[in-house]
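Colleague: how would this look folded up:
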Amino acid sequence: SAPEHYTLGPLGATLLAAHTGCELTTLGWRPTATGRIAYSPWLGHDTGVNELLTLLAAYARHTPGSGLTLWLSERFCARRWEDMIRPDAYAHWQDPSSAAEDRRLLPFFLEYDTGTQSLSRVEAKLAGYAAFTASTGTRPALLIHTRTASRDRAIRHRLTQPARELGLRVATSSLDFTTTTPWGSWWTPLEPAARRTTLIALAAHWTDLTPAAGLEPTDADTALALPVPPLPPTTQS
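Modeller: Got it, this is the predicted structure:
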């Protein structure tokens with residue numbers, strides 16, 4: 001989980017702590033030779049985002065008709081929508097559901113919450129997603145994934161009413177549930193008395209969802225973005 005690390009002196013550690021807005025102890029830095037290893041504060045977040053979406057992409061290898069048909073990175077999203085939103089990813093999930101001919105599409109923004117931000121800051125992000133919906137005339141879902149079920153409950157308690165007032169389609173889950181099957185019945189709409197359901201069932205539950213408009217192949221920043229699905233090429237024997 002930490003393939004890259006580096007050693008720091010006191011000045012370097014102080015600068016890094018100031019840049020990230022945290023204390024030296026949060027970085028894991030100690031004024032000893034063995035304690036001067038500080039891991040990137042973003043590494044766990046980036047690894048979590050990529051692992052969740054990679055699991056969705058890999059699922060299509062074994063389930064025909066399903067797949068992560070689009071995955072746009074945080075960098076792509078920031079370049080295109082930073083004036084309103086900066087999600088950790090934007091993606092399209094497709095699954096034939098229970099009927100082979102019924103291929104619903106779930107367009108969604110992903111917010112991968114590691115618990116380092118205050119609940120008020122998480123809540124403040126909703127206004128941007130509401131502005132995105134109003135200005136673009138499109139309505140992707142917003143998926144908020146947390147590290148723990150307790151953090152998930154805290155976010156749901158804080159965001160249920162604001163999300164309803166803003167007309168957002170939000171669902172939450174946590175790593176305590178999704179583990180290696182994030183497409184499963186682990187996602188709960190941010191609505192009173194809602195129950196956990198699958199990703200594709202969210203698309204059936206929210207019939208007014210629409211993909212983000214105006215995405216062009218020339219906007220892509222990697223080969224994993226439009227128009228190529230995020231899967232390695234197959235080889236012919």
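Colleague: Low-confidence stretches in the chain?
Modeller: The model of the chain has pLDDT under 70 over residues 1-7, 32-40, 96-103, 216-237.
Colleague: in it, which spans are helices?
Modeller: Here the chain has its helices, by DSSP state H, at 10-20, 24-27, 43-59, 74-81, 119-136, 149-166, 175-178, 199-205.
Colleague: tell me the angle of the fifth one relative to helix 149-166?
Modeller: Pointing back at helix 119-136 there. Computed by axes from the mean of the first three to the mean of the last three Cα atoms, to 10 degrees, the angle separating helix 119-136 from helix 149-166 equals 40 degrees.
Colleague: so what secondary structure elements neighbour helix 119-136?
Modeller: With contacts defined as 3 or more Cβ pairs under 8 Å, 6 or more residues apart in numbering; DSSP states H and E, helix 119-136 has these neighbours: strand 104-113, helix 149-166. C-betas here are computed from N, CA, C, even on glycine.
Colleague: So in that sheet, which strands flank the first one, and in what orientation?
Modeller: Sheet pairing for strand 104-113, assigned by DSSP bridges, gives strand 89-95 (antiparallel), strand 141-146 (parallel).
Colleague: Need the residues that contact the shortest one.
Modeller: When contacts are defined by Cβ atoms under 8 Å, 6 or more residues apart in numbering, strand 141-146 is touched by residues 48, 52, 87, 106-115, 122, 129, 152, 155, 159, 168-175, 178, 182, 187, 202-203, 206, 209.
Colleague: again with the longest one
Modeller: For strand 89-95, the surrounding residues in contact (Cβ under 8 Å, 6+ apart) are 49, 53, 56, 63, 65-74, 76-77, 103-110, 112, 140, 183, 198-200, 211-212.
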